[in-house]
Every structure is written in structure tokens, then in C-alpha cells.
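Asker: Sequence and predicted structure are below.
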Amino acid sequence: MADRAPLLQCLDLCKAFGALAVADRIDLAVEADEIHAVIGPNGAGKSSLVGLLCGQLQPDAGTIRFDGREITGLSETDRPHRGLVRSFQVTSVFQDFTALQNVALAVQLQAGHSFSFLRPARGDRRLTEPAAALLDRVGLAAAADQPAHALSHGQQRQLEIAMALALRPRLLVLDEPLAGMGAEESQAMIALLQAMRGQVGMLLIEHDMDAVFALADRISVLVAGRIIASGPPATIRSDAAVQEAYLGGEALGRDIPATATEAP
Amino acid sequence: MTAQDRPARRLLPLAAPAAGLLLLLALPALLGAIDQGFLVGTATRILIYGIAATSLNFLLGYGGMVSLGHAAYLGIGAYVTGILSVNLFEDATLLGLGGSNLALVAWPASMLVAGIFALAIGALSLRTKGIYFIMITLAFAQMVYYLAVSLERYGGDDGFMMIDGRSRLPGLDLAGHVPFYFAVLALFLLAAWGFHRATGSRFGIVLQGCRENEPRMRALGCPTYRYKLAAFVIAGAVTGLAGALLANLAEYVSPDYMHWTQSGDLLVMVILGGVGTALGPLLGVAAFFLIEAFLPGLLHLAGLPDLAEHWRVLFGPFLVLVVLFSRGGILGGLRRLPDLLPSGRRDARG
Amino acid sequence: MTLVLEQVLNGLQFGVFLFLVSAGLTLIFGVMGVINLAHGSLVMVGAFATAAATQALGSFLLGLLAGLAAAGLTGAVMELLVIRRLYRRDHLRQVVATFGIVLFANEMVVMIWGRTPLFFNAPDWLGGSVELAGGIVYPVYRLFIIAVGIAVAALLYLLVTHTRVGMLIRAGSTHRETVASLGVDIAALSTLLFAFGAVLAGLAGAMAGPLVSVETGMGERLLILSFVVIVIGGLGSLPGALTAALLVGLFDTLGRAFLPDLLKLVMDPAEADTTGGAISSMSVYLLMAAVLVVRPSGLFPTAAGRH
């Protein structure tokens, strides 16, 4: 990896809701071409971290730097335009739009303002062609004209990725992309994220350890709002504090590949 | 959408609007033929409210903004045109501006002032959502109502009449029922077309996205507030035009135009016709006025003269039933008609 | 000075009406997530029932009880027949359905009592005026209203701090599943809460009878002002409703009483009257606007405000 500043860097990030500290002096760095996974038990503050990074939540203290510039106070609607894009844990695609229309909307939002009142947007090739290409990239080309609510859960998660990609991200913050997926769908998603490696940085919040160890270049472990360990997968797997945090290491003790490059 | 094989399904979307347009164009002649020429005024009123309802439908059905104060813009538009007319007649000024009875001055002025109010009210209201938003729009509309009532110079509570109030258009004498009807029809068609195009435009798509999932839109980088505000202002301005036309029609302006029940009526018209459809609003307005016009008469015929006077005691529960049990209003019902045709029972699953 | 004090008391008295109507409304908004335009009709029911019963029974107290019972009953019926079916529906439908109820109620009242307002006077034992500190002579009936307001506020405080339901309300709990999981029968709770709000509204109407004309549509003015109160106070917050109600009551009353005169200091009298009249009638809404700029969720924001 090149010896330059990380693409995303948080320093001393703090956020508390009353007495509950969801972020307790979090330091995190993500390189431009890595897949960095964040794991941790339920209630560790993973979703809050995503909210803080992407602007849905304002930190009480600490800074976030992206691409060398401070973005701590930047609004959530400005961050995607800098290249910091998120996906949602609970599927939130536009149910009544088709898959193509969903991605076309994202393309439209990336392209600039939408104060165009008379020209039809639906047939606009400047929107539909990039959208179709993105659907193809995530493997949804066949479902392009289906309404989103008719897609399977796994397909909807793929659609989320396509929409995120439409925004031309430098860093994708993926909030449990494999949530609720069966084995086959998970494999497809892991393959998709593998294929994206190097083209876009990824911060992957996940529970699914297969995916984490298959994909991650580095892993950070978040427990009760604090990062208790951070490093390559092998280091994390053997870290005593991490094993303790997972209550006897059951989550990490499964039969998993030794390195991230081994296919599951 | 997958193609439908049955001819009725395919033709209906085109046939109905076309037939409707022909009907609207021929209406004055038809009414004259059956010696009901005075109903042209009613038809004009329906079209005027149709403009207001269409703009509210855009805001509500596509933007998801339940504005319970929309009648305020109707009233503002009426007052601007009315005040300009009266000031001309009395050779008076308001805020340094003289009067006018030119349509090309009064009508844009009505739109502009209504738009400015919509900008101010929208800027504040749109910082909230849900129930808050509804209550705040209602409250601000009430404020505008009280503002109008306080205008002692313009009749206060009672409002005022416009003498020779019909606005002047170059080349077209609007004083007659029929020319005015056609002028209003033209404006309605323009507004309906404009909003229809807008719903399919980039702006309309963004608005629908905001309605469906605003947090998602924001996470996609969309500054939702400004789009919603733009929609609010546009809807307000167009309704202001409807207000100007209303003042012209009645040649009378009063705070009643912006009473909160008028805002309620507008929402009723929208929901009756079918929310979020292009043709629904006009159908809803027509249904509303037809019920208002004919229900009392029907009750009389049914031998219930007391009930005829108090027809609203039936209309209220009717509304409740419509809300609870109808899907898609009148237009929704019409769209399901082909399913009821005999050969359609096979694929009437909807 | 006595004039100011008198208007302050008037403002507090008006604030009590607003509080009674807003308290029920904010509970219904906050806990049940329903917007109910027909709440004003419950005020009207209270007023009419009390007026009619007082005339028939000859006793204001009995009439008052009758009014409260009528309002509570009407509220319960309204909830069971209509409101119950609106919880899961969108706000537009809630608005139009409850608007339909308003049309029905307003017309029903005309069918029964006609369009001429009912007049009924405060009972003799609450009539007349007393002299208060500061040399003001103030009507007993209005003091009665203020006293009732204080009593109701105290009662609500006790209820909210000492019952399970009260705990939910304080927490701004709006998730129906959460409520149900606490062993509370959500259906029964909804009807009860609604009826309770209705009784409060009916109380406002009943007491307002001697002061305003008891006629069709009388509840709507209080309703819309109550919306303002709730926006300023914060949706779902009882302390907010109380604070904002008193604030709005004072603002409106004092504004109407003194603004034209204040403006006469800087404008000529005729203009001051018109401008003063205009601004004072808008003043409450301008106050709401000012609060919105600074605190879009109201002075006492609650979780319910996310509806």
C-alpha cells in the first residue's frame, strides 16, 4: 500500500445518547483501496458508527477526515458528492420504482441538480444507459424492469449496491450488506464485493464471519463503542481481547480460511 | 409495466381523457342546447377548483406533503386580483401600487404574491414533517385568514364586491360566461399538462423519491428540502392563479375563500378523485360539486326535505366511508371497471 | 396597571381552555399517532350538552357532569367506530376522515338545535365579581375556570407520574408493540385515552359556554389554536402543552388588548388600529413561526415528535 494518508480517518470520535456512549473515542482509518471490516457484538455501536461517518449523526467530539479534508461538520447530503457513500442495513430501495428506475434515480442525483420540470426523465438515455450498465455489473440486468418490491431480498441488496455505485463513490460504507441472506445469495454478494476490490474503498460492517474473513484486508473490532483491536485478519483471530469479547470466541472459532485471499 | 392484451385495458387510458377533452370543449354548446346555459358558470367553477386541486394533488400525491392550508393561496390570489380591480375602480393605491383590471397584470400578480406566501410558509413548515407539518400548514392558513379579516378597508369579515371585475384580456372579451369558460379551460389544460409533465420530469422523480423514502434520498446526496420547497411554491403560485380566476368568476372576494374548511374541501376533492393521478383531481372536484348540487335535490325527491337541508350530515359519513374503504378514489374505481366486464373475470385479480 | 393585570388573568383563563383541548390532542397525537380534526367537535358536544342539561336540570354542576359524560361517550364512540381504523393509515386519510366527522357533527348540532347560538349564563353561585389584590375587580366565573385548570393540571401530573400509562406518556412511547409488551391492552388503552381527551375537551366546551356563543363550529377556533400550542410545546408533551397553552393564551389576549395602543406610539391612530388589529390576530401564528425557526420540534421535544 502506498505511503499516503488514509482515505477515511476518524480521530477520537465520540457520541453519547444520555448515559449511553455509542462511540467512545473511536480511531479508525480506511485506505483508498482496501476492504476494511468492522465487527462486534450486537449493540456495540456499529450502526451509530455508520451514521456518524455518513452524516446522519453529529459527533459530540472528534474529527472525521475524508480525502485529506475535514468533513466532521459536512451535511449528510454533501458527503456522497465527495465520494463517501453508504448502503442501508434495512433495505431501503424505492419499492414502487423498477430496479432500473432505482439506479437511474441515483445516477440522476449524482449528475447534478434536478430542477428540470418538463423533459421526461424515464426515457432519458443519459440516465438509463449508465443505470443499465450498473445493474449488469451487480448481476441484476435480467430484473431491470421489475418493480423493486418484486425482487428477492438478495436482489434488493444487490440493487442497493448498484445505487451506491451510481454515485461514483471513493469509499463505500456497507452496513451489513449480507443481512438476512441465504447461503447462495451471500456467495453472490461476496463475489460482487470481491470484484469491486481495488476499484473502490470499502468499510464493511458485518456479522457474517465467512464474508469478513473472505474479504477483509484489515478488521477492526468494535465493542461498547470502542475499537478494542485493529489489524489483519490473522492478528484479530488470535487476539485474546477479541476472543473474550465474543464470549469464548465462538464467533471466530469456526472453520474459516486462513487468509483473505482463499476462496470460501 | 407488462403489456395488457385486452383491448379495453389498452384503449382506456387514451380513450377516456380524449373523450373528456371533447366533452369539455363542447360543454357550453351542449348546455346551451338543453337550455341550461347558466351551468356554464358551475362548469367554470369546477375547472377553477380543478386547477387548485391539481396543484394540491401534485404536492400531495407525488410529493407526499399533506398541506392542510392550501386554500390560503386560493384566497390570496383572489384578494390580489380583487384589490387591484377595486383600486382601479376607486382610483386608490395600496402600498404605493395603483389598480389594474388587466388579466396580464392581475393574474401574474396573484401568482407572484401567492408564491411569496408559499415561500415563507413553506420555508418554515418544511423544516418539520408528519403531523407537525399538517398542523403548521393549517395554522399558517388560519393566520392568512385572519389577515384578510383584518383588512377593514376591503370589507373585513364580509369581503368585497368587484364592480365590473372581469379581468381584461387583449382581444378576448371575458365578460361573457362562455368566453371566460374557455379561457379558464385553456388555463386548466395548461396547468394539468404542466403538472403531468412535471411528475415525469427529473424534478417529479426526485419528489416522488422524497415521498417514498426521504432518508434514502438524503443518503443518496439529494438536498431534499429545496426540492420540496420548490414544489410547495409552485403549487401555491398555481393555486394563486385559481384564486384570481375565482375572483373573476364571482366578482366577489371574501375571507371565506381561505377558511380552513375550504382547505379541507380541497383535500376531499383530491382524495375523492384519486390521489396521485393526472385526471383524478378534476374528477374529484366534479364529484364534490355534483354532490353538493344534486344531493339536496335527490333527498327532496326521496321525500326527505329536512335531510335535504342538512345533506352534510350524510356527506360527512360518506367521506369517512370513502377514506376507509375506497382504493384510489373515483379514478381507481374507473380503472377497475374493465375487470368487471364479463370476459374480464379471468384476469380480474388486479 | 390594573388593566394589564386584568388582561393577564384573561390570558391565563384563555390559556386554560387551550390547555384542556391541547392536552387531549397531544396525547392522541403522541401516543396514538393520529391527527384528529374532530377534537373540536368534542368541545362543541361538551358545550351543547352542558347548556341543554343545565337548562333541563336547573343545576350547572349536573349540567357540567352531563356535558363531560356526553363528550367522553362521544369520544369513545368516535374511537371505536372510526379512529381505530385510522391508526395504520396515512395522514391524509386521517385528516379527511376526521374532517368528515366534523362536517357530520356540525350539521347534526344544527339539526338538533338550529343555527341560533344557545345562550346560557354562569350559575349564580359563580356569578358576580370579587376584588383581588392590586385593586382589580375580576369575574368569579373566570377565576373558577383558572382554578379548574390548575386542578386538572395537577391531576394530570399525578396520573402521569403514578401510573404505567403515565410512564409511557412521559417516555413519549409511541410504538404500539412496546406498549402492548408491557401488558397493556392497546385497544382498550386507545379508547380510554381518547375518551379521556374527549372529556377534557368537553370540559373546555362546557366551561366556555357562558363566555362564548354555543353554536355550530365553535370548537374549530380552539382546535386550530391548540395545534399552535402543540407545535410550540412539542408533540406528545404534557408539560409542553401547559406551558405553550399559557404562553399562547397570554400572547393572544395581551396582544389584542395592547398592540394597537402600543403602535399608536409610533404610528398615527387610524393606521395603528388597522395594523394593530391585523398583527394581533396573527400574533400567535407569528409566535409559532418564531419558535419553529429556533426549535422545529417545539419547546419540549419528545420521541413522539418523530411522527
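Answerer: Cool, got the structure.

Asker: near chain B, which residues of the stretch 101-250 of chain A?
Answerer: Counting by CB under 8 Å from any CB of the partner chain, the stretch 101-250 of chain A comes close to chain B at A:101, A:105-106, A:108-110, A:114-122, A:124, A:163, A:167. Using the backbone N, CA and C atoms, a C-beta is placed for each residue, glycine as well.

Asker: Among the residues you listed, filter down to the buried ones and hand me the ChimeraX syntax, if you would.
Answerer: Buried members of these, defined by 16 or more other CB atoms under 10 Å in any protein chain shown, are picked up in ChimeraX with:
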select /A:101,105,106,108,109,110,114,116,117,121,124,163,167
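
Asker: Strands of the stretch 101-250 of chain A, start to end?
Answerer: Taking DSSP state E, counting those that start in this stretch as the criterion, the stretch 101-250 of chain A carries its strands at A:171-175, A:201-205, A:218-223, A:226-231.

Asker: of those strands, which approaches residue B:326 most closely?
Answerer: Nearest to residue B:326 among the strands of the stretch 101-250 of chain A is strand A:171-175 (39.0 Å), distances taken as CB to CB.

Asker: so what's the residue in the stretch 151-300 of chain B that chain A sits nearest to up against?
Answerer: Taking CB to the nearest CB, chain A has its nearest neighbour within the stretch 151-300 of chain B at residue B:221, 3.4 Å off. Going by CB atoms under 8 Å, 6 or more residues apart in numbering or on different chains, residue B:221 touches A:77-81, A:85, A:109-110, A:167.

Asker: Which of those sits closest to residue C:55?
Answerer: Nearest to residue C:55 among the contacts of residue B:221, counting by CB to CB, is residue A:77 at 61.8 Å.

Asker: Quickly note the distance from that closest one to residue A:95.
Answerer: According to CB to CB, to the nearest Å, residue A:77 and residue A:95 sit 22 Å apart.

Asker: Repeat that for residue B:190.
Answerer: Counting by CB to CB - residue B:190 and residue A:95 are separated by 33 Å.

Asker: quick one on the thing from earlier: comparing residue A:77 and residue A:95, which shows the higher neighbour count?
Answerer: Taking neighbours as other CB atoms under 10 Å in any protein chain shown, residue A:77 and residue A:95 compare with residue A:77 leading, 19 against 15.

Asker: mind listing what the more buried one touches?
Answerer: Each residue near residue A:77 by CB under 8 Å, 6+ apart is listed here: A:55, B:218, B:221-224.

Asker: repeat that for 7 Å
Answerer: By CB atoms under 7 Å, 6 or more residues apart in numbering or on different chains, the contact list for residue A:77 reads B:218, B:221-223.

Asker: returning to what we had before: and what about the residue of the stretch 151-300 of chain B closest to chain A, helix, strand or coil?
Answerer: At residue B:221 the chain is in coil, as set by DSSP: H, G, I helix; E, B strand; the rest coil.

Asker: So what's the residue count around the nearest residue to it once chain neighbours are set aside?
Answerer: Spatial nearest neighbour of residue B:221, excluding adjacent residues (CB to CB, 6 or more residues apart in numbering or on different chains): residue A:80 at 3.4 Å. By other CB under 10 Å, 24 other residues sit near residue A:80.

Asker: I'd like to know how far residue A:80 sits from chain C.
Answerer: Distance of residue A:80 to chain C, computed by CB to the nearest CB, to the nearest Å: 24 Å.

Asker: Same check on residue B:34?
Answerer: Distance from residue B:34 to chain C, by CB to the nearest CB: 32 Å.

Asker: Count the residues that sit near that residue.
Answerer: Neighbours of residue B:34 (other CB under 10 Å): 8.

Asker: Also residue B:239?
Answerer: Using other CB under 10 Å, residue B:239 has 34 neighbouring residues.

Asker: Okay, and it sits in which element?
Answerer: Assigned by DSSP states H and E, residue B:239 belongs to helix B:224-250.

Asker: for that helix, what is the average pLDDT?
Answerer: On average, the pLDDT along helix B:224-250 is 96.

Asker: Would you confirm that residue B:82 contacts residue B:249?
Answerer: No. Taking CB atoms under 7 Å as the definition, residue B:82 is not a contact partner of residue B:249, at 11.6 Å.

Asker: The two: which is more packed in?
Answerer: Neighbours were counted for residue B:82 and for residue B:249 using other CB under 10 Å; residue B:82 has more, 31 against 21.

Asker: so who does residue B:269 touch?
Answerer: Counting by CB under 7 Å, 6+ apart, residue B:269 has contacts B:49, B:53, B:281, B:284-285, B:288.

Asker: Kindly recompute the last result at 6 Å.
Answerer: The contact partners of residue B:269, taken as CB atoms under 6 Å, 6 or more residues apart in numbering or on different chains, are B:53, B:284-285, B:288.

Asker: Please apply the same query to residue C:254.
Answerer: Contact partners of residue C:254, counting by CB under 6 Å, 6+ apart, are C:7, C:11.

Asker: Return the set of buried residues in the helix or strand harbouring it.
Answerer: Assessed by DSSP H and E, residue C:254 sits inside helix C:238-263. Residues of helix C:238-263 classed as buried by neighbour count (16+ other CB under 10 Å): C:238-257, C:259-260, C:263.

Asker: swap in stretch A:205-214?
Answerer: In stretch A:205-214, counting by 16+ other CB under 10 Å, buried: A:205-206, A:208-214.

Asker: Count the residues that sit near residue 227.
Answerer: Since no chain was named, I'll use chain A. By other CB under 10 Å, the residues close to residue A:227 number 21.

Asker: To clarify, I was referring to chain C.
Answerer: 29.

Asker: If you check the stretch 101-250 of chain C against chain B, which residue is the closest one?
Answerer: Closest contact between the stretch 101-250 of chain C and chain B, by CB to the nearest CB, is at residue C:104 (3.0 Å).

Asker: next one: chain A
Answerer: Distances between chain A and chain B by CB to the nearest CB are smallest at residue A:80, namely 3.4 Å.

Asker: Which secondary structure element is home to that residue?
Answerer: Using DSSP H and E, residue A:80 falls in helix A:79-82.

Asker: who does the next helix-or-strand element following that helix pair up with?
Answerer: Note on helix A:79-82: by DSSP H and E, the next helix or strand toward the C-terminus is strand A:84-86. Here strand A:84-86 has these sheet partners by DSSP bridges: strand A:171-175 (parallel).

Asker: What lies in contact with the strand it pairs with?
Answerer: Contacts for strand A:171-175 (CB under 6 Å, 6+ apart): A:7-8, A:50, A:53-54, A:84-89, A:164, A:200-205.
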